[in-house]
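Enquirer: Sequence and predicted structure below; questions after.
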Amino acid sequence: MSKLERSFRNSFQKLDLKKVLDDHEKLEVLSHVSDTLADDCLKHLHWKAHQDVSKVLHNCDSAHESIMKFKEQIGGVPEWVNWDLVRQGQDVFWKYMVPVNIILTNYSLAGGLAANDMANTLECNGSDKKPPLTNARVMNTSKFVLDVMKDADCLRPWTGEGCNQEHLLYTLCEFSIVIITNLRKMGINPTPNEVTAYLHLWHVIGYYLGVTEEFSKRIVSENGAAALFVEMEKDLVHPGEAGKEAAKALLGNMALRPPMFWPYNLHGAVMRKLVGDEITSSLGIEPTPWYWKMIASGVLFNVRLLHSSNLFVRPRIYLYRKFTPPLWVVLSWIGKRISSRKGESEEKGGCQFERPRLGPDTSKKY
């Protein structure tokens, strides 16, 4: 076992991985499979870039089989969707929003670039312009997360291009099981019910993303999700030049900018604590001076103190849910102003998410 693989597996050392999936060949096949129904639908929809795809789809009267099937599929949800669990999962996000945001930035986004295929996909897609992984792109990604966390009625699918099933599944794990694992690493312990609800929430989001059900259903249990993630690591986590460049650029473009306004070295120190020295070094992130490590430890300690207590949980969830989305608009504006003053052009650097497509009416009983 390589040092990288050992470092990666150590993140899940407290979980029972004896039942690691014996699906290596099946997972490898997913790298050659996309969301074929969505791709075929877009092909016959005559959708153009920057159009509101939901309006185009609603106004389309084509009787093409792929468009009809796609409308039928996104007009409802599978029987396994539990809207009460979805709402509880969203509450878990808001309850732990600050540490979750830290993990998403410094592990899921920065550490996730160790999967060199993912970094290459970003680069080839054109969503990774110069400078790569701009602050605007990160804020847009965060906006997507906030949109799907607002409430159950706002949970809608979205579209994208260039990702295969393996990439989608890996991303799904980065936003679900990685959050739970790193919360525990930070000393914050969600309850079993919270873990179940949060993983169910991302199972539902995975359905909207078009992830194959055969594998997305594995994330409904903590051990199953961890085993799936570790199995994919064999194929994906091989840092290359694209990943190194993108990881350095990501931390650089987040330095002293929203949403956290942390210095570059603090991002690097926190990344090492969450992702581990092996993977962080493999991405070309230099070790930080000892005092930054102490500052990072202090920051994470204070975050743990704030979020380990069950005092004022409901008011905290309410305040986060109510005021974070408008605050994000202000922070995004500040980020753009900072970039413009530095002479950086980010308007086309970020991933421009389209308005959500059709989605289920969650007031109905499924």
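Expert: Great, that's in hand.
Enquirer: What are the boundaries of the helices in the stretch 251-366 of the chain?
Expert: According to DSSP state H, counting those that start in this stretch, the stretch 251-366 of the chain carries its helices in the segments 264-275, 277-282, 290-308, 313-341.
Enquirer: who touches stretch 195-203?
Expert: Counting by CB atoms under 8 Å, 6 or more residues apart in numbering, stretch 195-203 makes contact with 80, 82, 85-86, 88-93, 172, 175-177, 179-180, 190, 216-217, 219-222, 225, all of which sit outside it. Placement of C-beta: from N, CA and C, glycine included.
Enquirer: let's see 7 Å
Expert: With contact meaning CB atoms under 7 Å, 6 or more residues apart in numbering, stretch 195-203 is reached by 82, 85-86, 88-90, 92, 172, 175-176, 180, 216-217, 219-220, 222, 225.
Enquirer: Quick one: mean pLDDT over it.
Expert: Stretch 195-203 shows a mean pLDDT of 94 in the predicted model.
Enquirer: Pull out the buried members of the contacts of stretch 195-203.
Expert: Members of those that pass the buried threshold by neighbour count (16 or more other CB atoms under 10 Å) are listed as 82, 85-86, 88-90, 92, 172, 175-176, 180, 216-217, 219-220, 222, 225.
Enquirer: Give me the most central residue, this structure.
Expert: Within the chain, one residue has its C-alpha closest to the average C-alpha position: by CA atoms, centre = their mean, that is residue 175, at 4.0 Å.
Enquirer: From residue 260, how far out is it?
Expert: Note on residue 175: its distance to residue 260, by CB to CB, to the nearest Å, is 18 Å.
Enquirer: quick one, helices of the stretch 51-200 of the chain?
Expert: All helices of the stretch 51-200 of the chain, identified by DSSP H, counting those that start in this stretch, fall at 53-59, 65-74, 83-95, 97-103, 116-125, 135-149, 165-175, 177-185, 192-209.
Enquirer: What are the buried residues along the second one?
Expert: So the one you mean is helix 65-74. By neighbour count on 16+ other CB under 10 Å, the buried set for helix 65-74 is 66-67, 70, 73-74.
Enquirer: Restrict that helix to CA atoms and write it as CSV.
Expert: Listed in CSV are the C-alpha atoms of helix 65-74, where the atom choice follows Å, rounded to 0.1, in the frame of the first residue of the first chain:
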residue,chain,number,x,y,z
GLU,A,65,-38.6,9.9,-26.7
SER,A,66,-35.6,11.2,-24.7
ILE,A,67,-37.3,14.5,-23.9
MET,A,68,-40.5,12.8,-22.8
LYS,A,69,-38.6,10.3,-20.6
PHE,A,70,-36.5,13.1,-19.1
LYS,A,71,-39.6,15.2,-18.2
GLU,A,72,-41.2,12.2,-16.7
GLN,A,73,-38.1,11.3,-14.6
ILE,A,74,-37.5,14.8,-13.2
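Enquirer: Show the average pLDDT along it.
Expert: Mean pLDDT, computed over helix 65-74, is 75.
Enquirer: Number of residues surrounding the closest residue to residue 229 other than its chain neighbours?
Expert: Residue nearest to residue 229 in three dimensions, not counting chain neighbours: residue 173, with 4.2 Å by CB to CB, 6 or more residues apart in numbering. Residues lying near residue 173 (other CB atoms under 10 Å) number 27.
Enquirer: got a list of what residue 173 touches?
Expert: With contacts taken as CB under 7 Å, 6+ apart, residue 173 has the following neighbours: 219, 225, 228-229.
Enquirer: among the residues you listed, which two are most distant?
Expert: Across the contacts of residue 173, the two members that end up farthest from each other (CB to CB) are 219 and 229, 8.6 Å apart.
Enquirer: just checking, residue 259 touches residue 331?
Expert: Yes - the pair residue 259 and residue 331 qualifies as a contact (CB atoms under 7 Å) at a distance of 5.2 Å.
Enquirer: Would you agree residue 64 is in contact with residue 43?
Expert: No - using CB under 7 Å, residue 64 makes no contact with residue 43, being 9.4 Å away.
Enquirer: returning to what we had before: could you redo the helices of the stretch 251-366 of the chain as JSON lines and give each row distance to residue 197 and mean neighbour count?
Expert: Shown next, in JSON lines, are the helices of the stretch 251-366 of the chain (distance: least, CB to CB, whole Å; neighbours: other CB atoms under 10 Å):
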{"stretch": "helix 264-275", "distance to residue 197": "23", "mean neighbour count": "23"}
{"stretch": "helix 277-282", "distance to residue 197": "29", "mean neighbour count": "20"}
{"stretch": "helix 290-308", "distance to residue 197": "17", "mean neighbour count": "15"}
{"stretch": "helix 313-341", "distance to residue 197": "13", "mean neighbour count": "14"}
